[in-house]
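J.: Based on what follows, work out the 3D shape:
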Amino acid sequence: MDKLLNHPTSLKILAVLIAVLIWAVVHIDPETSPQSATSNTDTKVIEAAAIVPEGLDTDKYVLTAMEPTVARLVVEGRISSLYKATNDDYIVKLDLKNVEPGIQELPLTVELPSGIKEVELSPRKVTVQIEELETQTREVQVITEGQPAEGYLIGESSIVGDTGNVVEVTMPKDDYARLDKLAVTVDVTGADSTVTNKKAKVIAYDTQGNPMENVTIVPDTLTAETQITLPSKEVPIQLRYTGTLPDGFSLVSIGTDVEKVSVNARSEQLEQIAIFDGFILDLSKVKASGEVMVKAELSDGIAAVTPAEIPVDVVIEATERRTMSNVPVTITGLADNMKVNINDSSNGRIDVIVKGASSLLQKLKLSDVKLSLDVTGLQEGTHELTLDAELPAYLQVEESEGYSLTVNVKLSRAEQDVDTITPPDDGGTDGSGNGGNQPSGNGSGGTNSSSGGGGDSSSGNGNSGSSDNGSNNSSQEDPDSSPSDNDAGNSEEDTGGEEGQNSSAA
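T.: Numbering: from 1, shown residues only. This next block holds a predicted model:
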């Protein structure tokens, strides 16, 4: 080995190898070798780099247009750096900090990842339109879409909740001229009951019905509700009442200013409804004259009534009594060969005690009290029968110990086929001897011997119960007629003279 190292040729070869090694080390260093550096870098082209606006005062302005919206970017860098970066890392910025409203041209800037530099940017400027914002308060409508279930109709729509239907709208000032409405949508497809959309989005529509852009709405969602109803029609109402007034009081009148209501029902049922009688006044809850709210009671087939509650005016007075003397009894069903006596009286008249409000008793005439007796099919002999009585509304026959509408009726054969009792003519007396010819309204018939019951106030027909506070629904008397002096008073009897009176015939 020593001989080899000491040999001149060996030393020359070793020197050459060391020189080659040093040369290689020097040329491999990228900092000192341009050829080596070129082989480790590359370029990249981003054809549509998004332009990002920043710095705009969004409380005052809005960017409504920018042209173009993307830029072509060419970058250069180490292959490793280019490989690591994504397109989102190459940011083209548009500075809008100090802009004013209007159309203007502004420069672009580039933000690149470390180790990468810009080679080319095209374009370097963009044209923008900046508009001033304005905030206004507007109301929101409800729009429905779809059709409800068969037989149902779309009713009223509304915005529910504490915020109501008012929102704040912020949009470019000039765009308000195109704003038609703000609306939320409720889908009623197949619905058979009320539909509620709790998160209905508020949308601004222009005059062409298209949604508008660059609009901020606060709040941007609302709760919308749409009623789904059956068909409806308006019908008149008929008041009814039930229960009894406190002891010692009688009805003078009940009435309401509401004449008609809207009734909802299926079409086939709606056709059969001509009147609504579901407003029923409970007399037991009436303590004095005044206004009472009465709710509608729905019968089968009626889904809803509008209004569902109405005010009813009630007038009551202390109960008084009045005796009507010699009231004629109309006989029906009497055979031609028979005659009749009532309570052993041949004139076919009896006394009747009527009770009710004082103001109504003062107007009562003898012709307003109608008594009838049906003897159809009865044989000869004595029978105990109950008279049917008709009286003006809210008056009734007093039945007490020693007096009632139950009478003894004696049927016997008539002599020479002449009845001893004839129906009264129009000149019946009022108990004072004066003939009366004022007709009363038609009654529905029936007896006053039943216990206290209800009636209706819109019809002049009907019967009352025997309690102080029931009422008779027969028609009211002629208001132009007044009772005679002998008719007034609590217990005063009406005495009838013979003048102007006819005996009742069968």
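J.: Average pLDDT for the helix or strand harbouring residue 252, rounded please.
T.: Per DSSP states H and E: residue 252 is located in strand 249-255. Strand 249-255 shows a mean pLDDT of 94.
J.: Pairing partners for it, with directions?
T.: According to DSSP bridges, strand 249-255 forms sheet pairs with strand 309-332 (antiparallel).
J.: So the closest residue to residue 67 other than its chain neighbours: helix, strand or coil?
T.: Counting by CB to CB, 6 or more residues apart in numbering, residue 67 lies nearest to residue 127, which is 5.0 Å off, once chain neighbours are set aside. From N, CA and C alone the C-beta is placed, and that goes for glycine too. Here residue 127 is recorded as strand under DSSP: H, G, I helix; E, B strand; the rest coil.
J.: ok, residue 127 to residue 65 distance?
T.: Taking CB to CB, to the nearest Å as the measure, residue 127 and residue 65 are separated by 8 Å.
J.: overlap in contacts of these two?
T.: Taking CB atoms under 8 Å, 6 or more residues apart in numbering as the criterion, residue 127 and residue 65 both touch residue 103.
J.: all strands for the stretch 301-450 of the chain, in order.
T.: Remark: strands assigned in the stretch 301-450 of the chain by DSSP state E, counting those that start in this stretch are 302-306, 309-332, 338-342, 349-357, 370-374, 381-386, 388-390, 396-397, 406-413.
J.: Other residues contacting the last one?
T.: Read it as strand 406-413. 334, 337-344, 350, 373, 375, 378-387, 449.
J.: do that again at 10 Å, thanks
T.: Residues outside strand 406-413 that contact it (CB atoms under 10 Å, 6 or more residues apart in numbering) are 329, 331, 334-335, 337-345, 350, 371, 373, 375, 378-387, 399, 420, 447, 449, 506.
J.: Which of the residues you listed are buried, as a PyMOL select command?
T.: A single PyMOL command is used to select the members of these judged buried by 16 or more other CB atoms under 10 Å:
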select buried, resi 329+331+334+335+338+339+340+341+342+345+350+371+373+375+378+387+399+420+447+449+506
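J.: ok, back up a step: which strand residues sit across from the residue nearest to residue 67 in the sheet?
T.: Judged by DSSP bridges, the bridge partners of residue 127 are residue 67, residue 105.
J.: Show the contacting residues for residue 76.
T.: Neighbouring residues of residue 76 by CB under 10 Å, 6+ apart: 41-44, 82, 112, 115-120.
J.: one more time with 6 Å, if that's ok
T.: Contact analysis of residue 76 by CB atoms under 6 Å, 6 or more residues apart in numbering lists 43, 117, 119.
J.: Can you tell me the element the first one falls in?
T.: Think residue 43. Counting by DSSP H and E, residue 43 is found in strand 41-54.
J.: Counting by contacts, list what that strand packs against.
T.: When contacts are defined as 3 or more CB pairs under 6 Å, 6 or more residues apart in numbering; DSSP states H and E, strand 41-54 packs onto strand 70-78, helix 79-84, strand 91-95.
J.: List the contacts of the second one.
T.: So the one you mean is helix 79-84. Applying CB under 6 Å, 6+ apart, the contact partners of helix 79-84 are 42, 44, 115-116.
J.: Start and end of stretch 145-159, how far apart?
T.: 16 Å (CA to CA, to the nearest Å).
J.: Apologies, that question was intended for stretch 354-361.
T.: 8 Å.
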